[in-house]
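Peer 1: Here is a sequence together with a model predicted from it:
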There are 2 protein chains.
Amino acid sequence: MTLEGRKKHILQAIVDDYIETAEPVASKSLLSRHPFNLSSATLRNEMSDLEQLGYLEQPHTSAGRVPSDKGYREYVDSLMRIDQLSDVQADEIRQRISTSFSELTQLLKNASSALSEQTGYVSVALTPRLRSSYLKQLKMMMIEPGKVLVVVVLSAGVVKDKLVRIPDYLTAEQLFEVSTAIEQGLCGLSLEDITLVTITSAVKDTPIPDSILNQVLFEAYTAIKQADHLELYIDGSHRLLSLPEFRDVDRAKNVFDTLSRDGMVAGYLDELSGRNGPDGTYMIRIGQEITLQGLSDCSFVTTTYNVDDKIVGNIGVIGPKRMDYSKVVSQMNFVRVLIDKHLKNDNNRMEDIG
Amino acid sequence: MTLEGRKKHILQAIVDDYIETAEPVASKSLLSRHPFNLSSATLRNEMSDLEQLGYLEQPHTSAGRVPSDKGYREYVDSLMRIDQLSDVQADEIRQRISTSFSELTQLLKNASSALSEQTGYVSVALTPRLRSSYLKQLKMMMIEPGKVLVVVVLSAGVVKDKLVRIPDYLTAEQLFEVSTAIEQGLCGLSLEDITLVTITSAVKDTPIPDSILNQVLFEAYTAIKQADHLELYIDGSHRLLSLPEFRDVDRAKNVFDTLSRDGMVAGYLDELSGRNGPDGTYMIRIGQEITLQGLSDCSFVTTTYNVDDKIVGNIGVIGPKRMDYSKVVSQMNFVRVLIDKHLKNDNNRMEDIG
DNA sequence: CTTAGCACTCGAAGGGCTTGAGTGCTAAGA
DNA sequence: TCTTAGCACTCAAGCCCTTCGAGTGCTAAG
């Protein structure tokens, strides 16, 4: 059941206006801003129909109308047209992002910050899900007796490291022996397949006392497992307070409280991502569609970036339901493309990126 | 000019009450909560005096009284008594922090998060100022052709690393040669003394073509310099919205906007720290005393933690002027002690920390 | 110097009125 | 059958007024 021509245009105009003004849209003011060949009375009839159909809501009888969740849904699904980014905007984003290269973390932070700044909403960036990537290298570097830097290099070209403690009577040579054994035993295994068991069997022939070995093994194990942790970068939450919908502190508090539990947001993104379409698709969740408590006054726009064939992460924008979807989508897509390019170049060769 | 006995007690009681209730303090309610041997009339006279002297303010004639910045100043300088932490509180903090060890970054993040959670205000943690620490090791580890992990080990036991690109025809052997030369040339130099010049002269005898050398040098240089960057971790800003003083969105927005420019906050902390007292001292900045735009409705409590003899960083708490100073100070001090212990143990030997 | 007593102040809360933006309905016209 | 002019109706927002009471400052007596 989709909308017939005129209603469609009217709904589109209403959502457009409301996104711009944040005021309930009245029949007359709609007429004054769009060249409909209609009287306000007809418009009112249509608007009344649209309300009946569930696309609009009325804050109270003598007010204009506001899109409902269903109205926004129709809008993003089939009414809005995605803006093309202006060269200026594109350049700004490009500049912000290209300062960082090679460090995934920094890349995501910059991307997130650029995205928030450009859209004026809150942005999020989730590190890639690495469980299915496999181990390419594992080096353990003695910093000083008892202190070791474990460097984990993954197939996706991602490098993670962790500083750990080991017994300080372990010599650099012994350490080298153990770490080489671990590396050889685990190389090519995906992160999800690496367990304390696999790691233990990898070093069974090493001529080092078990008591020492065990601690080193364990530290190597936690370092590897840590590489698999999802991290979430959130940027620009302060911008929410400039929006009229969050003049109400309690509404704002809801959102801030949720954002502060970044584990929950990360989990939600991760879960959502499973049900995602093909790469390059964006996904929009509106109001009640967000099954994350506290964000029911918001919309959440996400997309997926690629590190590798199977390895993906997410970026997204959180804003009011009355967000400028078309702007957000186009900017987010542009950022995604930039991330993809950066990561691709990173794994192969550096070139100018544009 | 300091206060005489009775006035002192009255001011103290007023500030205490106001901190607890967030309501202007009236003569009668003050009497009901404190066993003064006085009538409300006398109390009123005294309160009127205290207002004259600038310690109190009246929102309007028929309201109670509220401490002025000067009143808070007197309170924190000579009236409040610092609580002892309860065992339960201490344990909670200890637990939160001791999960992380050895990684400075993680330690600070945990400390900051614990501090915010315990106080209910916003916490900040600034990484140490490392300019005067000197280079102990510099390793360059080839991840794959063209991609190198630069590991910088500093005297304070701090380890930083950075992933960089180099020309991909550089072999592991050449890289090793260069990095060893750099390390030998720069070892013992403090970060502030390391420049492109010193680093260049360190490798002048290396048998590698200058064109290649230069790029490697430059990357090593930026990696070293990056170790010197101050980073600020802010935690718990959402908690502000629960406080009655920030029911007003514009006030909250002021603070959030300032906090979002973490470079500014870091700079302020850094600058402030120079004028700091001996270690272990806390510093309190109240309202207008904070020369950082946007925080004039807040108080800022800071202290200094030690990494090494000369190397220090800061942690702090930002809250309303009506903050529970005594609780904040005791909790912040406890966190500082924990950080110090962790870092000391880190540089020497791990033991149980309590 | 203290205190009981009292007049005074002023914000907060509530009621009632007005205003006007906006709707829904009706009946006539295309 | 759809459109539209016209009109009655609704209801939040803004304003004024009143009431209420918490709290003060002052005065005069102890």
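Peer 2: Sure thing, it's come through.
Peer 1: what does the average pLDDT come to for the helix or strand in which residue A:138 is found?
Peer 2: Taking DSSP states H and E as the definition, one finds residue A:138 inside strand A:135-144. What strand A:135-144 shows for mean pLDDT is 92.
Peer 1: quick one: low-confidence ranges for the stretch 251-354 of chain A?
Peer 2: Residues of the stretch 251-354 of chain A meeting the criterion pLDDT under 70: A:276-280, A:345-354.
Peer 1: Quick check, the residue in it closest to DNA strand D?
Peer 2: In the stretch 251-354 of chain A, no residue comes nearer to DNA strand D than residue A:251, which is 15.3 Å away by CB to the nearest atom of the strand. From N, CA and C alone the C-beta is placed, and that goes for glycine too.
Peer 1: nearest spatial neighbour of that residue, skipping sequence neighbours?
Peer 2: residue A:297 (5.5 Å; CB to CB, 6 or more residues apart in numbering or on different chains).
Peer 1: Quick check, central residue of chain A?
Peer 2: Per CA atoms, centre = their mean, the C-alpha nearest to the average position across chain A is that of residue A:315, at 2.2 Å.
Peer 1: Quick check: it touching residue A:306?
Peer 2: No. Residue A:315 is beyond contact range of residue A:306, at 11.7 Å (criterion: CB atoms under 8 Å).
Peer 1: Those residues of chain A touching chain B, which are they?
Peer 2: A:101-103, A:137, A:139, A:141, A:143-144, A:146-147, A:149, A:151, A:153, A:157, A:159, A:161-165, A:168, A:236-238, A:241-242, A:246-249, A:252-253, A:256-257, A:259-260, A:346, A:349-350 (CB under 8 Å from any CB of the partner chain).
Peer 1: how about the helices in the stretch 151-300 of chain A?
Peer 2: A:172-186, A:196-202, A:210-226, A:249-260, A:262-274 (DSSP state H, counting those that start in this stretch).
Peer 1: Output the ones you listed as CSV; include the columns distance to residue B:93.
Peer 2: Output for these, formatted as CSV (distance: least, CB to CB, whole Å):
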stretch, distance to residue B:93
helix A:172-186, 34
helix A:196-202, 31
helix A:210-226, 23
helix A:249-260, 19
helix A:262-274, 20
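Peer 1: Packed most tightly, which of these would that be?
Peer 2: By mean neighbour count, with neighbours taken as mean count of other CB atoms under 10 Å in any protein chain shown, helix A:249-260 ranks first of the helices of the stretch 151-300 of chain A at a mean of 20.
Peer 1: Let me know the angle separating that one from helix A:262-274.
Peer 2: Orientation of helix A:249-260 against helix A:262-274 (axes from the mean of the first three to the mean of the last three CA atoms, to 10 degrees) gives an angle of 80 degrees.
Peer 1: For helix A:249-260, name the packing helices and strands.
Peer 2: Packing contacts for helix A:249-260, counted by 3 or more CB pairs under 8 Å, 6 or more residues apart in numbering or on different chains; DSSP states H and E, involve helix A:262-274, helix B:249-260.
Peer 1: okay if I get those helices as TSV plus distance to DNA strand C?
Peer 2: Converted to TSV, the helices and strands packed on helix A:249-260 look like this (distance: least, CB to the nearest atom of the strand, whole Å):
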stretch	distance to DNA strand C
helix A:262-274	35
helix B:249-260	15
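Peer 1: Of all those helices, which one is nearest residue B:179?
Peer 2: Evaluated over the helices and strands packed on helix A:249-260, closeness to residue B:179 peaks at helix A:262-274, with 36.6 Å, by CB to CB.
Peer 1: if we can go back for a sec, so which of the helices of the stretch 151-300 of chain A is nearest residue A:65?
Peer 2: For these, the distance to residue A:65 is smallest for helix A:249-260, at 20.6 Å, taking CB to CB.
Peer 1: What would the closest one look like as PDB? C-alpha coordinates only.
Peer 2: Coordinates of each C-alpha in helix A:249-260 appear next as PDB, following Å, rounded to 0.1, in the frame of the first residue of the first chain:
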ATOM      1  CA  VAL A 249      16.400  18.500  29.400                       C
ATOM      2  CA  ASP A 250      14.800  15.200  30.100                       C
ATOM      3  CA  ARG A 251      14.700  14.200  26.500                       C
ATOM      4  CA  ALA A 252      18.300  15.200  26.100                       C
ATOM      5  CA  LYS A 253      19.200  13.300  29.200                       C
ATOM      6  CA  ASN A 254      17.700  10.200  27.800                       C
ATOM      7  CA  VAL A 255      19.900  10.300  24.800                       C
ATOM      8  CA  PHE A 256      23.000  11.300  26.600                       C
ATOM      9  CA  ASP A 257      22.500   8.500  29.100                       C
ATOM     10  CA  THR A 258      22.200   6.000  26.300                       C
ATOM     11  CA  LEU A 259      25.200   7.300  24.500                       C
ATOM     12  CA  SER A 260      27.300   7.100  27.600                       C
END
